[in-house]
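Student: Predicted coordinates and the sequence they were generated for:
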Amino acid sequence: MASPDKSKAWTALEAHHRKVAGLTMGALFADDPERFGRFSLSLGDMLLDYSKNRVTAETMDLLIALARAADVEGWRARMFEGQAINTTENRAALHVALRNRSDAPMEVGGDDVMPAVQGVLAQMRAFTDSVRGGNWKGHTGRPITHVVNVGIGGSDLGPAMVTEALTPYHQDGLEVRFVSNVDATDLAETLKDLDPATTLFIVASKTFTTLETLTNARSARHWLTDALGEDAVGRHFVALSTNAEAVRAFGIEPDNMFAFWDWVGGRASLWSAIGLPIAVAIGMDRFEDLLAGAHVMDRHFAEAPLEANMPVVLALLGLWYIDFFGARAHAVLPYDQYLRRLPAFLQQLDMESNGKGVRRDGTPVERGTGPVVFGEPGTNGQHAFYQLLHQGPRMVPADFIAAAETHNPMGRHHPILVANFLAQTEALMKGRTAADALAELTARGMAPDAARELAPHKAFPGNRPTNSIFVRRFDPPTLGMLIALYEHKVFVQGVLWGINSFDQWGVELGKELAGTILDELEDGTQGSGHDTSTAGLIDHYRRLSKEAP
Ligand code: F6P
């Protein structure tokens with residue numbers, strides 16, 4: 001396949017960009033009273049307003065033509081058909097089967113995976129009902145009060161983000177916590193007020209070989225067996241994995257293992273057994289509501305024409321700024337405290353998927369690919385990094401996300417929160433000229449010289465693009481829709497750039513070197529082949545750690 005940036009559609013976009021780069025959104029709104037309606041999409045109660053983008057109807061037509069030229073429809077079909085679209089690992093990427101709520105079969109390699117998916121869901125239901133109902137007894141016969149998920153990356157971020165996002169649906173008296181960092185502080189702080197007799201560990205690892213997770217799981221096991229003895233492990237440890245052999249070798253019984261499959265990528269695994277901590281926290285019915293919401297977005301993605309397809313439109317807008325305006329970052333700004341971890345989750349989803357410099361055919365990409373994703377919940381971000389969004393020299397496109405209803409109605413908090421969301425997107429779009437700033441300062445009585453000096457600092461370039469995603473409330477189905485929206489957006493961008501979004505070879509080199517250096521740190525030998533910086537740092541660590549009390 002030819003490089004997408006060599007296609008006719010791309011060349012047409014380059015010419016078009018030269019024509020429209022200087023247009024302001026303010027003028028586009030002034031010229032077209034229907035702009036909001038023209039550039040917004042909805043699915044159920046979810047509204048995506050993308051009218052505050054630097055696009056015209058022609059831009060969108062050309063971007064859609066690019067999507068067609070890159071065969072987004074073909075790749076989408078191949079994904080839903082369970083073809084091995086993760087070519088470097090020769091695997092399907094069929095996470096959509098995990099939330100398939102229809103009766104339709106979904107196949108990988110000619111086999112319908114739905115019976116196995118349903119089987120694990122049934123196993124999860126039996127387990128979560130038992131834990132939540134107090135019938136799963138710990139080794140001493142007491143019910144479980146705390147569940148600790150031990151995992152990292154996709155085996156942590158998705159479940160941790162969703163569990164926190166759905167806090168209003170948690171069961172009283174049952175708390176779910178997450179440990180991911182190999183820094184012992186994470187485990188120590190998580191366990192310090194827990195009672196081993198009422199604590200259950202979920203060891204979540206697709207491969208069951210990840211050093212951080214196995215190190216934490218072993219230490220958790222010691223913590224438990226020091227208090228309750230070896231025989232306690234069976235009632236206090238379960239595993240979520242594709243690697244039954246390694247789970248057994250760790251000492252977890254096959255009955256306490258929840259399986260998933262190699263066609264489930266780590267960063268799209270929260271819908272699989274990896275979602276068990278979510279299900280423990282909110283119950284299996286609500287976990288299935290989460291799946292159902294994602295399924296609604298899957299059907300939309302599969303069936304809506306490209307121009308009315310939310311993930312496709314978001315993907316194209318992202319590419320427009322990265323490849324034609326030189327944007328390098330993308331902000332995700334949830335105006336909802338419960339969605340605090342959404343940016344961290346999307347960092348893995350986007351940056352591990354599309355942080356690639358080589359195309360599917362092994363040739364280097366010549367354009368930008370995935371952006372640096374970052375964010376904080378509104379309004380905290382406003383008082384931290386929005387300065388750069390408003391006045392930094394580089395454009396940073398942003399997604400603003402909010403709900404009309406809050407789970408915690410209290411005085412004027414929610415309207416204040418939403419007013420901030422709306423004000424920020426409007427301010428980013430409109431900006432303020434230096435002349436207006438000067439007029440305002442003068443009107444306030446500032447001396448002309450001082451006003452002229454200050455005015456450039458109080459000017460805002462504006463014309464900064466934002467997408468607004470507005471929902472009724474963040475409940476399980478809506479959250480499912482939102483996550484699936486971003487999953488498909490990231491997939492479509494990978495297709496547009498001609499890269500494989502489903503592998504992650506870039507994390508391997510650091511892992512390999514860490515293994516070698518760990519040996520050197522522990523046995524005191526100095527490996528050859530280190531640069532002087534690494535060798536010097538190893539020496540410094542050794543000296544200081546020897547002096548440690
Ligand atoms: O960071 C690399 C990675 O392979 C992620 O893709 C994955 O989510 C994470 O490590 C954890 O892997 P596992 O679930 O196998 O422990």
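Tutor: Okay, I see it. Numbers count the residues shown, from 1 in each chain.

Student: Apart from its chain neighbours, what residue comes closest to the residue in the stretch 401-549 of the chain that the ligand sits nearest to?
Tutor: Using C-beta to the nearest ligand atom, the single residue of the stretch 401-549 of the chain nearest to the ligand is residue 507, 4.2 Å away. C-beta here means a position set from N, CA and C on the backbone, and glycine is covered the same way. Among residues not flanking residue 507 along the chain, residue 352 sits closest, at 7.4 Å (C-beta to C-beta, 6 or more residues apart in numbering).

Student: Now do the one you found, the pLDDT please.
Tutor: At residue 352, the model reports a pLDDT of 98.

Student: Please apply the same query to the one 4 residues further on.
Tutor: With respect to pLDDT, residue 356 scores 97.

Student: go on, the one 3 residues further on?
Tutor: The predicted local confidence for residue 359 comes out at a pLDDT of 96.

Student: Pull the number of nearby residues for it.
Tutor: 18 (other C-beta atoms under 10 Å).

Student: Could you do residue 207 as well?
Tutor: For residue 207, using other C-beta under 10 Å, the count is 14.

Student: that older thread, does the residue of the stretch 401-549 of the chain closest to the ligand count as helix, strand or coil?
Tutor: In terms of secondary structure, residue 507 is helix; the call rests on DSSP: H, G, I helix; E, B strand; the rest coil.

Student: repeat for residue 149
Tutor: Secondary structure, three-state DSSP: residue 149 is strand.

Student: My read is that it contacts residue 277, right?
Tutor: Yes: counting by C-beta atoms under 8 Å, residue 277 is a contact partner of residue 149 at 4.2 Å.

Student: overlap in contacts of those two?
Tutor: Applying C-beta atoms under 8 Å, 6 or more residues apart in numbering, one finds that residue 149 and residue 277 are jointly contacted by 159-160, 176, 178, 202, 204.

Student: In helices only, show me the residues you listed.
Tutor: Among those, the members falling in helices are 159-160 (criterion: DSSP state H).

Student: of the shared contacts of residue 149 and residue 277, closest to the ligand?
Tutor: Nearest member of these to the ligand, counting by C-beta to the nearest ligand atom, is residue 204, at 6.6 Å.

Student: tally of neighbours for the closest residue to that closest one other than its chain neighbours?
Tutor: Computed as C-beta to C-beta, 6+ apart, the closest residue to residue 204 that is not its neighbour in sequence is residue 151, at 3.3 Å. Residues lying near residue 151 (other C-beta under 10 Å) number 30.

Student: so what's residue 151 up against?
Tutor: Residue 151 touches 159, 178, 180, 202-205, 213, 240, 274, counting by C-beta under 8 Å, 6+ apart.

Student: what about it, distance to the ligand?
Tutor: 6 Å (C-beta to the nearest ligand atom, to the nearest Å).

Student: That residue and residue 343, how far apart?
Tutor: 19 Å (C-beta to C-beta, to the nearest Å).

Student: Next: residue 304.
Tutor: For residue 304 relative to residue 343 (C-beta to C-beta), the value is 26 Å.

Student: For those two, indicate the residue with more neighbours.
Tutor: Per other C-beta under 10 Å, whichever of residue 304 and residue 343 has more neighbours is residue 343, with 22 against 16.

Student: pLDDT value on the residue of the stretch 1-150 of the chain found nearest the ligand, please?
Tutor: Per C-beta to the nearest ligand atom, residue 150 is where the stretch 1-150 of the chain lies closest to the ligand, at 9.8 Å. Here, the pLDDT recorded for residue 150 equals 98.
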